[in-house]
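S.K.: I'll drop the sequence and a predicted model, then ask my questions.
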Amino acid sequence: MTKKQKKMLTRILISAALLILANLLPIPRLWKIPLYLASYLTVGYDILRKAWKGICNRRPFDECFLMAVATLGAIGLAVYERSWDFNEAVAVMLFYQIGEFFQAYAVGKSRRNITELMDIRPDYANIEEDGKLVRVDPDEVEVGSIIVVQPGEKIPIDGVVEEGSSMLNTGALTGESVPRSCTVGDEVISGCINLVGVLKIRTTREFGESTVSKILELVENASSRKSRSEEFISRFARVYTPAVVYSALALALLPPLGRLLLGLPGEWSTWLYRALTFLVISCPCALVVSIPLSFFAGIGGASHEGILIKGSNYLETLSQVKTVVFDKTGTLTQGVFEVSGIHHSPFEDLKLLEYAALVESASAHPISRSLQRAWGRELDRGRVENIQEYSGEGVTGTVDGHAVAAGNTKLMRRLGLAWKDCHSAGTVVHLAVDGVYAGHILISDLEKPGVRDAVRALKTAGVRKTVMLTGDRKAVAEQVAADLGIHEVHAELLPGEKVERVEQLMAGRADPRERLAFVGDGINDAPVLARADIGIAMGALGSDAAIEAADVVLMDDDPKKIATGIRISRKCIRIVYENIVFALGVKFACLILGALGIANMWAAIFADVGVMVIAVLNAIRALRVSQE
Ligand code: ADP
Ligand code: MG
């Protein structure tokens, strides 16, 4: 509890005590007035002051003003009727403040809880100086420095292990509970907790550019991207409050006027009282507080699962996803190709692999990385010049003075070369040296473990259609799709054609409210990630491009998290709607009952505070992710 909250609680308790005293003491009514007023002012002086400021600033419809008018009006009526019963006015103010107190406490606490859930911010980095460990601010560590991470500490900055081996808990980043092992040469990312051994890490990024900083920035900015429900509520609140205030005015003036002019029955003070009840009902607090809190909780719960959602608007879109489009390589498959054959080459196999690995030395494509691994020796990048990459086709370059090309049939066609087709199953990399076809390397990729379950889980999560887009050969694509139970496949697409396909799919949807998600690894599919209703990037551990382009980032490459993300978003949106319907329903019921004189001010304030408490508690539910 903050100091301010403690002070508020004290005021509430004192005021409540005074109110009880005023009711229990066996003294004449008039004598109780000072007690009532003391109770009223103790708990409400700041409201009165803010209301006065509001009037001076000509912002009449703020909550404080409404509460001040309602309670002062009730006091005025009690004086006019000579009942001297101020219980109602004091109680309304008291309960209003209790509600405000609860709200501040609950919202503050749950916000803290949510950020604590993702407690990944490292406080320091250890640097070795003269054989001693010194703690420094991670911000001060330069790229290429050696930092020491002891067991139990968080890795503060992204880097590569120079010395030692250990197990890492990546849970805070990925929601994954099984520790990962790491040893010399492995890339490690900040935010993981080192479990067993001492690690010396050479940093590869500055702290500000490291994974933790990026993630925290994302989550902190997420609430600034408003969803449509949030915008609806703030627009609604702007209309609702004045509307109720004007109806209160009408309620106070019209019936007495009718009595005066037409002789209708009814005491004017009765109508004034009903109008004051309206004022109490006119604050939209439950909605204004609980809706953003629900989204925040949803985003927090998702990041705890390793699903980063960049804004409430994306959370909302995610909940409406009915079509999921996948990229193949690196998304559904591991993107780690094994060489399964080398055909029709005039060169020795090793020589051909060497050419391929060298010409691929600058590419970030999974195929290129796999070929470099298959070659398995240190690459001398000095032997390669003029590297050019054709997205979705392959690469060309000059190796040891020879023009080398490696890629698919599209690249061969572009270069005007004849190629030999491969009849085996797998991805094919055709090669040409000095303008002459030099055979092909057959490589094959493995499906990611659990990806079949992931596709099935999507169907349970309400996704109707799954589509696979790939630049790879048709045969490979169709086999993977059939294996995984994906409905539709389009193969041999250039990155630009993937965008077109996605646009066609979006144009062809039956219900305009349905949304399409594209899931990719961020390597040459960034345009599609950006074009789809919602872009989900996989394999994001460390890949900046993907984090940048996507709306949702899956921290571990687990495709199952797509369904989890959709489920979380659905639950969150359901909670938002529950709160909207519930809060508005109770408000309107109170308005009608208040106008008829059935609900009094007590009922109104109870309804208001009660609805808010329930709505906030309901909002916090969005944090918890149902396991399936
Ligand atoms: P995917 O849709 O499966 O992710 P890409 O669009 O990245 O595939 O690439 C499509 C095809 O283009 C690959 O299957 C491969 O044939 C060819 N290709 C792309 N980049 C390279 C590369 N660096 N080396 C060789 N072939 C490549
Ligand atoms: Mg790809």
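M.R.: Structure's in. What do you need? Numbers count the residues shown, from 1 in each chain. Ligands and ions are numbered 1, 2, ... in the order given.
S.K.: so residue 98 makes contact with residue 12?
M.R.: Yes - between residue 98 and residue 12 a contact is recorded at 5.9 Å, counting by Cβ atoms under 8 Å. In short, each C-beta sits where N, CA and C put it, glycine included.
S.K.: and this structure, which residues reach ligand 1?
M.R.: By Cβ under 6 Å from any ligand atom, the residues of the chain that approach ligand 1 are 327-329, 360, 363, 365, 367-368, 392-395, 406-408, 427, 429, 470-472, 495, 524.
S.K.: now which of these would you call buried?
M.R.: Among the residues of the chain next to ligand 1, those buried by neighbour count (16 or more other Cβ atoms under 10 Å) are 327-329, 360, 363, 365, 367-368, 392-395, 406-408, 427, 429, 470-472, 495, 524.
S.K.: lowest-confidence helix or strand of this protein?
M.R.: Confidence across the helices and strands of the chain bottoms out at helix 544-549, with a mean of 70, counting by mean pLDDT, DSSP states H and E.
S.K.: quick one on the thing from earlier: ok, and which of the buried ones among the residues of the chain next to ligand 1 reach ligand 2?
M.R.: Subset of these in contact with ligand 2: 327, 329, counting by Cβ under 5 Å from the ion.
S.K.: of the buried ones among the residues of the chain next to ligand 1, which belong to helices?
M.R.: With helices identified by DSSP state H, the entries of these that belong to them are 367-368, 495.
S.K.: residue 64 - how many residues pack around it?
M.R.: Using other Cβ atoms under 10 Å, the number of residues around residue 64 comes to 21.
S.K.: ok, back up a step: what residues does the helix or strand that comes right after the least confident helix or strand of the chain touch?
M.R.: With elements assigned by DSSP states H and E, the helix or strand that comes after helix 544-549 is strand 552-554. Counting contacts by Cβ atoms under 8 Å, 6 or more residues apart in numbering, the residues outside strand 552-554 that touch it are 218, 306-310, 314, 318, 517, 534-538, 540, 546-547, 561-562, 565.
S.K.: same thing but 7 Å
M.R.: Contacts of strand 552-554 with the rest of the structure, by Cβ atoms under 7 Å, 6 or more residues apart in numbering, involve 306-310, 314, 318, 534, 536-538, 540, 546-547, 561, 565.
S.K.: following the chain onward from it, which element is next?
M.R.: For strand 552-554, the following helix or strand on the C-terminal side (DSSP H and E) is helix 560-595.
S.K.: residues contacting the residue nearest the centre of the chain?
M.R.: For the chain, the residue whose C-alpha lies nearest the mean C-alpha position (Cα atoms, centre = their mean) is residue 309; its distance is 2.8 Å. With contacts defined as Cβ under 7 Å, 6+ apart, the neighbours of residue 309 are 222, 299, 302, 315, 318, 552.
S.K.: can you pick the most crowded of the residues you listed?
M.R.: Counting by other Cβ under 10 Å, residue 315 has the largest number of neighbours within those, with 31 neighbours.
S.K.: so which of the buried ones among the residues of the chain next to ligand 1 belong to strands?
M.R.: Secondary structure assignment (DSSP state E) places 327, 394-395, 406-407, 427, 429 from these within strands.
S.K.: got any ranges where this structure has weak pLDDT?
M.R.: Low-confidence regions of the chain, defined by pLDDT under 70, span residues 60, 113-119, 175, 219-220, 223, 264-266, 539-546, 626-628.
S.K.: farthest residue from the center of it?
M.R.: residue 263 (60.9 Å).
S.K.: what's the separation between it and ligand 2?
M.R.: 82 Å (Cβ to the ion, to the nearest Å).
S.K.: how much space between that residue and ligand 1?
M.R.: Applying Cβ to the nearest ligand atom, to the nearest Å, one obtains 82 Å for the distance of residue 263 from ligand 1.
S.K.: what distance do you get for that residue to residue 271?
M.R.: 15 Å (Cβ to Cβ, to the nearest Å).
S.K.: next to ligand 2 in this structure, residues from the protein, please.
M.R.: For the chain, the residues in contact with ligand 2 under the definition Cβ under 5 Å from the ion are 327, 329.
S.K.: domains for the chain, by residue range?
M.R.: According to the domain assignment given by automatic domain parsing, the chain is divided into the following structural domains: 3-115+224-295+571-623, 142-205, 307-332+448-555, 334-447.
S.K.: now do the end-to-end distance for the third one.
M.R.: This points to domain 307-332+448-555. The straight-line separation of the ends of domain 307-332+448-555 (Cα to Cα, to the nearest Å) is 6 Å.
S.K.: how many neighbours does residue 34 have?
M.R.: The criterion is other Cβ under 10 Å. On that basis, residue 34 has 11 neighbouring residues.
S.K.: so it: helix, strand or coil?
M.R.: helix (DSSP: H, G, I helix; E, B strand; the rest coil).
S.K.: then residue 421?
M.R.: What three-state DSSP gives for residue 421 is coil.
S.K.: could you give the backbone dihedrals for it?
M.R.: Backbone torsions of residue 421, given as degrees, to the nearest 10, read phi -70, psi 150.
S.K.: with the one 3 residues further on instead?
M.R.: When quoted as degrees, to the nearest 10, the phi and psi of residue 424 stand at phi -80, psi 160.
S.K.: how about residue 200?
M.R.: Phi and psi for residue 200, reported as degrees, to the nearest 10, are phi -110, psi 130.
S.K.: what does residue 420 give?
M.R.: Per-residue torsions, residue 420: phi -100, psi 130 (degrees, to the nearest 10).
S.K.: spit out the contact partners of the residue in the stretch 451-600 of the chain that ligand 1 sits nearest to.
M.R.: Checking the stretch 451-600 of the chain residue by residue against ligand 1 with Cβ to the nearest ligand atom singles out residue 471 as nearest, at 2.2 Å. When contacts are counted by Cβ under 7 Å, 6+ apart, residue 471 is found next to 392, 492-494.
S.K.: state the distance from it to residue 554.
M.R.: The gap separating residue 471 from residue 554 is 21 Å, by Cβ to Cβ.
S.K.: my read: residue 567 touches residue 460, true?
M.R.: No - Residue 567 sits out of contact with residue 460 when judged by Cβ atoms under 7 Å, with a separation of 8.9 Å.
S.K.: circling back to that earlier point, tell me which two of the ones in strands among the buried ones among the residues of the chain next to ligand 1 sit farthest apart.
M.R.: 327 and 406 (20.8 Å; Cβ to Cβ).
S.K.: residue 135: what secondary structure?
M.R.: In three-state terms, and counting by three-state DSSP, residue 135 is strand.
S.K.: can you tell me the closest non-neighbouring residue to it?
M.R.: Take residue 135 and drop its neighbours on the chain: the residue closest to it by Cβ to Cβ, 6 or more residues apart in numbering is residue 124, 4.3 Å away.
S.K.: repeat for residue 226
M.R.: Nearest-residue entry for residue 226: residue 312, 6.0 Å, with adjacent residues in sequence omitted and distances by Cβ to Cβ, 6+ apart.
S.K.: brilliant, that's me finished.
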